[in-house]
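Engineer: coords below, sequence missing:
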């Protein structure tokens, strides 16, 4: 009886993907056209032999490989800087509302500027260790297939 349940469980766990790789990943991609202009960005949904599908604002975006010049992984450096400065400013604002008003009067604005700059600096430093990659596709189907093989299943 145990072996029947194990076999049945294994058979129900297999999924069949006939022609399209369905990916459930959190891989963020920025897509640039052949001239180097950014045409799309979002999280990877799926790839086929001729298209790349991204999710942006819960809507799918289909991009033909003929129009893809390069693909960059992860977000830009400015995103790290923005998050760092927001955390720094938010921390000072949160702490100033939790303490005595007479002590922090006049220093909240200065602290917000200082810690916002400090957070932006830390965000810039963390962008060094980001390890984002760039793939030159240039509309080539052979390079596209090599890129698809690098993607997580």
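Structural biologist: Noted; the coordinates are in hand. Everything numeric here is computed off the predicted structure, so don't read it as measured data.
Engineer: And the helices in the protein?
Structural biologist: With DSSP state H as the criterion, the chain has helices at 2-13, 77-98, 101-104, 108-126, 141-150.
Engineer: and the longest one, what other elements does it pack with?
Structural biologist: The reference is to helix 77-98. Helix 77-98 is packed against helix 108-126, with contacts defined by 3 or more Cβ pairs under 8 Å, 6 or more residues apart in numbering; DSSP states H and E. All C-beta atoms are positioned from the backbone trio N, CA, C, and that covers glycine.
Engineer: Provide a list of residues in contact with the most centrally placed residue in the chain.
Structural biologist: Taking Cα atoms, centre = their mean, the centroid of the chain lies closest to residue 28, which sits 2.9 Å from it. By Cβ atoms under 8 Å, 6 or more residues apart in numbering, the contact list for residue 28 reads 41, 42, 43, 44, 73, 74, 75.
Engineer: Quick check on those: which are buried?
Structural biologist: Using 16 or more other Cβ atoms under 10 Å as the burial test, these include 41, 42, 44, 74, 75 as buried.
Engineer: what sits opposite the third one in the beta ladder?
Structural biologist: This points to residue 44. Under the criterion DSSP bridges, residue 44 forms beta bridges with residue 54.
Engineer: So it sits against residue 54, correct?
Structural biologist: Yes - with contacts counted by Cβ atoms under 8 Å, residue 44 reaches residue 54, the gap being 6.2 Å.
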